[in-house]
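1. Sequence first, predicted coordinates after that:
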Amino acid sequence: MDSDALKTFLTVYREGGVSNAARALHRTQPAISRRIALLEQELGVPLFERVAGRNVLSDAGRVMVPYAERAVAATQDAENAVRELAKPNAGAVALAVVGTLAGGQLSNILRRFAREQPNADVALRTATSAEVSDFVRRGEVTIGLRYDRDRSRDLDCEVIGTERLLVACAADHALAGRRAAKLAKLRDERWVGFPEVPGRREIGATHIRALFQTHGLGDVHWTPVDSLTAQKRLVEAGFGLALFSENHAAEEIAAGSLATIGVGDLDASQEIVAVTRRGGFLTAASRRLLELVRAGYAPEGRRKPGRR
């Protein structure tokens, strides 16, 4: 059982079939089918079953997935470690972040990293918090930034900062710049927020829904919008209120296009967590980027001057 066979197995699983896997791996369908057949022959059990005309994991296949992911990730670690011997300040650094964390702070971090590591290649992708963890676990990215801790034993999670949440409204809203005693007083307002999509876990959306329920707002008028920028435009135009972090709304508040409503019983925040694979290899460039991420998201009082 070699790493190529395991990678092929994982690609068929993730891409949903042999034909999609063949396109992803730039191979022919017969070659993919043959590779899976040889792996199944070696193991003595089928890894996939045909259900309603599509390939789905068998019981053995479901057991196989986490072990295959760790084995393929370890192979990538070995390759990265050997390559670093030749180019200690170069190489690829892959980063996955929740879309709402890909803002000004991250831009400043990457700008500084680019100055320090001009020969490093940075790949950046956005995803939900759960997907960020999955990318790190599978070795597809080196560092992840997400909300809330992941309890998986395959991952190391480090809380590097928090985002305080505030109620944002249009500048001409009747309550703009004023204060409500309780969040429940805003029950009759329309609200804009991220949708909860079945099968696609997102910590931010779940956290806000739970927050509303604990404050007695389990049934409010929600407008689901899957883009932070679009949410801000709707709130600016007066189509509802939203819970934004201070950083997400800072530019619009400074420009006067958004305002805030103080809420007496609202003391809410989200943890920002850096995720790496437990026992995974980090190149010197990856370690430096992680240092900059820690410093960039740390509260003001905890920040330390770094190298210039």
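-> That came through, no problem.
2. what mean pLDDT would you report for the longest strand seen in the chain?
-> In the chain, taking DSSP state E as the definition, the longest strand is strand 155-170. When the per-residue pLDDT values of strand 155-170 are averaged, the result is 92.
3. Pairing partners for the next helix or strand after it, with directions?
-> Helices and strands here follow DSSP states H and E; after strand 155-170, the next one along the chain is strand 179-180. Within its sheet, and counting by DSSP bridges, strand 179-180 is paired with strand 258-263 (parallel).
4. next SSE after the strand it pairs with?
-> Next helix or strand after strand 258-263 toward the C-terminus (DSSP H and E): strand 269-277.
5. ok and that next one relative to strand 155-170, angle-wise?
-> 150 degrees (axes from the mean of the first three to the mean of the last three C-alpha atoms, to 10 degrees).
6. can you pull the buried residues of strand 269-277?
-> Across strand 269-277, burial judged by 16 or more other C-beta atoms under 10 Å covers Q270, E271, I272, V273, A274, V275, T276, R277. Just so you know, the C-beta spots here come from the backbone N, C-alpha and C atoms, and that holds for glycine as well.
7. Same question for stretch 43-52.
-> By neighbour count, with 16+ other C-beta under 10 Å as the criterion, the buried positions of stretch 43-52 are L47, F48.
8. same check, this time on stretch 246-258
-> Counting neighbours by 16+ other C-beta under 10 Å, the buried set in stretch 246-258 is N247, H248, A249, E252, I253, S257, L258.
9. Name the residues that touch it?
-> With contact meaning C-beta atoms under 8 Å, 6 or more residues apart in numbering, stretch 246-258 is reached by 100, 103-105, 163-164, 166, 168-171, 228, 232, 235-236, 259-260.
10. Dump it to PDB, restricted to CA.
-> In PDB, the C-alpha atoms belonging to stretch 246-258 read as follows (Å, rounded to 0.1, in the frame of the first residue of the first chain):
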ATOM      1  CA  GLU A 246     -15.500  45.300  15.500                       C
ATOM      2  CA  ASN A 247     -12.900  44.700  12.900                       C
ATOM      3  CA  HIS A 248     -15.400  43.800  10.200                       C
ATOM      4  CA  ALA A 249     -17.400  47.000  10.600                       C
ATOM      5  CA  ALA A 250     -14.600  49.400  11.600                       C
ATOM      6  CA  GLU A 251     -14.100  50.900   8.100                       C
ATOM      7  CA  GLU A 252     -17.800  51.500   7.500                       C
ATOM      8  CA  ILE A 253     -18.300  52.900  11.000                       C
ATOM      9  CA  ALA A 254     -15.400  55.300  10.600                       C
ATOM     10  CA  ALA A 255     -16.800  56.400   7.200                       C
ATOM     11  CA  GLY A 256     -20.300  57.000   8.700                       C
ATOM     12  CA  SER A 257     -22.100  54.500   6.500                       C
ATOM     13  CA  LEU A 258     -22.800  52.100   9.500                       C
END
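11. State the mean pLDDT of that stretch.
-> Mean pLDDT, computed over stretch 246-258, is 90.
12. How far does that stretch sit from its chain's centre?
-> Distance of stretch 246-258 from the chain centroid (C-alpha atoms, centre = their mean, to the nearest Å) equals 23 Å.
13. I figured D265 hits L183, correct?
-> Yes - D265 is in contact with L183 according to C-beta atoms under 8 Å; the separation is 6.1 Å.
14. what sits in contact with each of these two?
-> H215.
15. which of those two has more neighbours?
-> More neighbours surround L183 than the other of D265 and L183, with 21 against 12 (other C-beta atoms under 10 Å).
16. what sits against the more buried one?
-> Contacts were defined as C-beta under 8 Å, 6+ apart; by that measure L183 touches V167, F212, H215, G216, L217, V263, D265, L266.
17. so who does the second one touch?
-> By C-beta under 8 Å, 6+ apart, F212 lies in contact with L183, G218, V220.
18. I'd like the distance from the longest strand of the chain to the chain centre, please.
-> Mean C-alpha position of strand 155-170 versus that of the full chain (C-alpha atoms, centre = their mean) differs by 13 Å.
19. hang on, the earlier thing: adding distance to A37 and pLDDT, write the buried residues of strand 269-277 out as a markdown table.
-> A markdown table is the format used below for these (distance: C-beta to C-beta, whole Å; pLDDT from 0 to 100):
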| residue | distance to A37 | pLDDT |
| --- | --- | --- |
| Q270 | 47 | 86 |
| E271 | 46 | 89 |
| I272 | 45 | 93 |
| V273 | 41 | 95 |
| A274 | 41 | 96 |
| V275 | 36 | 96 |
| T276 | 36 | 94 |
| R277 | 31 | 90 |
